[in-house]
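**Q** coords below, sequence missing:
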């Protein structure tokens, strides 16, 4: 069908027989895009771990390893004028999550220092502090009442806070178990519902009116993030070592999984989001430095093996991604000190755009050890020196982390536990509150669990320079003998340390045509995809069996409580 011209679109709008001109134009721009234009926002002094847009799309907040919360006006940012204001209160450690209330009056920030700080947007001053027992990995502000917010914590609890309560009032525990919750979000349409992502038990749906009782347990595992669409009818999740997965909120069986050659998600905590004018796209970052955009199928396809397009331009792991529907903007961040904005419309070019288009060298683990050993004295961290320049040692650390994780992982880390007829298993010894019969499998060996815990707060190793140097010395001591010291020093002299010492004139050797991380991912993907497809087939069988049971007369009478609701 031929597309309407502008006159036909305006006529249809005025007669009430079609979408607005703006809506149709934005939809056309996004759907016809084969890639997106990008520009960089450079103001942070460390990794950017969280970005969030305001409801009206005019503002964005960002936070990360430099412990600062920056507020950006999108008009100023797109014009190249930098952030609007930096909040006065700084965290004592890495920021992991952010939130903005619906009236754009308060900003919420949580992180590794076991607290949530509430900032006043107008004055930039802190309004209140909410202490936790362990790091805060995720938070969500109530979409209708800015006094309420929920947090997902490392201690395995999801807590609901009310700012109107007295200081000694304890938060309400919505969910609790012995494994960390990585993310939480209020349903944007039905805010009494909360979606969570748990380290072991995967994605769940909760009703705040009935704490500690899970309304819906989705068949997922080792989840890092969960996200509602704007209509509140679908849930998107990210799982470790597996592609993004999509659910209808009323069904525990997934609708679709999204994959692409090169996509890999294992080492760092990542997020996902819906995108497009009608939330018809799924977006997530990857360990291979790229951002992947998939289109949600309109038919019953349950496995998408190719992304609509791949966004390239980041120089390290992409962790966070958020979509701004009012401006058709996509924001992404990760190990780098930048927030990258993407749009189908032309954007202001970055000053160092030419340099970023070139592929940087991928460091090996030996390179990282060499960089750590180059400095005999404790040097200041970037957050202290206020440096926005790319830090070679930071890049080398995460390059080494990805490679060691992929090379060290084998099939034994993904042993599947025998399942019952419903595809679920129970473990009463876990001490789970509200998730005792949660569908789950074994999540790997002790080494893998330790690596996952380290990865969420990895930048603390670089903040404490003395610990980094000590670890590097111990690691190199196991592999380098005394008689090879001169050789090691000669090899490490080829590394680029310009980000740490301006007097160093060493250069890095030219990178290979394909970086080592991409090659390692390619080798491991075959086994990962095989496991994911096998689980998908099992889920289909379970779905057909469930439909057959629903169509048969029920032999057992039961009642559904008001709390176990399905709003569709």
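**A** Good, I have the coordinates. In this text, all values refer to a predicted model and were calculated from it rather than measured experimentally.
**Q** which stretches of this structure have low pLDDT?
**A** Scanning the chain for pLDDT under 70 picks out 1-19, 350-358, 375-384, 409-515, 528, 531-533, 535-568.
**Q** got the residue ranges for the helices in it?
**A** 6-14, 21-31, 74-78, 353-357, 365-374, 382-385, 392-408, 446-455, 460-463, 465-477, 485-492, 516-551 (DSSP state H).
**Q** and the second one, what does it pack onto?
**A** Taking 3 or more C-beta pairs under 8 Å, 6 or more residues apart in numbering; DSSP states H and E as contact, the helices and strands that helix 21-31 lies on are helix 6-14. All C-beta spots, glycine's among them, are computed from the backbone N, C-alpha and C.
**Q** and if you look at the third one?
**A** Under the contact definition 3+ C-beta pairs under 8 Å, 6+ apart, helix 74-78 sits against strand 59-64.
**Q** same check, this time on the fifth one
**A** Helices and strands in packing contact with helix 365-374 are listed as helix 392-408, helix 465-477, helix 485-492; criterion 3+ C-beta pairs under 8 Å, 6+ apart.
**Q** Next, the angle from it to helix 392-408.
**A** Here helix 365-374 runs at 150 degrees with respect to helix 392-408, directions being taken by axes from the mean of the first three to the mean of the last three C-alpha atoms, to 10 degrees.
**Q** how close does residue 393 sit to residue 370?
**A** 10 Å (C-beta to C-beta, to the nearest Å).
**Q** Wait, residue 95 touches residue 67, no?
**A** Yes. Using C-beta atoms under 8 Å, residue 95 is in contact with residue 67, at 6.2 Å.
**Q** Give me the common contacts of the two.
**A** residue 111 (C-beta atoms under 8 Å, 6 or more residues apart in numbering).
**Q** Who has more neighbours out of these two?
**A** residue 95 (28 against 21; other C-beta atoms under 10 Å).
**Q** Relative to residue 320, how far out is the more buried one?
**A** 11 Å.
**Q** overlap in contacts of those two?
**A** 49, 50.
**Q** Residue 325 is in contact with residue 280, isn't it?
**A** No. Using C-beta under 8 Å, residue 325 is not in contact with residue 280, being 11.5 Å away.
**Q** so how many other residues sit close to residue 523?
**A** Around residue 523 there are 10 residues (other C-beta under 10 Å).
**Q** if you skip the residues just before and after it, what's nearest to it?
**A** Nearest non-adjacent residue to residue 523, counting by C-beta to C-beta, 6 or more residues apart in numbering: residue 406, 7.9 Å away.
**Q** Kindly report the same for residue 206.
**A** Nearest non-adjacent residue to residue 206 (C-beta to C-beta, 6+ apart): residue 194, at 4.5 Å.
**Q** if I look at that neighbour, how far off is residue 274?
**A** Taken as C-beta to C-beta, the span from residue 194 to residue 274 is 18 Å.
**Q** Who has more neighbours out of these two?
**A** residue 194 (25 against 22).
**Q** Contacts only, for that one.
**A** Contacts of residue 194 by C-beta under 8 Å, 6+ apart are 140, 150, 158, 174, 184, 185, 186, 187, 205, 206, 207, 208.
**Q** Report the separation between it and residue 333.
**A** 25 Å.
**Q** what do you get for residue 369?
**A** 27 Å.
**Q** Likewise for residue 401?
**A** For residue 401, the distance to residue 333 - C-beta to C-beta - is 17 Å.
**Q** the more surrounded of those two?
**A** The residue with more neighbours, out of residue 401 and residue 333, is residue 333; 27 against 22, by other C-beta under 10 Å.
**Q** Would you check that residue 224 makes contact with residue 241?
**A** No. Assessed by C-beta under 8 Å, residue 224 is found out of contact with residue 241, at 10.4 Å.
**Q** Which residues are in contact with each of the two?
**A** residue 265.
**Q** Who has more neighbours out of those two?
**A** The neighbour comparison of residue 224 against residue 241 (other C-beta under 10 Å) goes to residue 224, with 26 against 22.
**Q** ok, that one to residue 517 distance?
**A** 19 Å.
**Q** for residue 296, same thing?
**A** Taking C-beta to C-beta, one finds residue 296 at 28 Å from residue 517.
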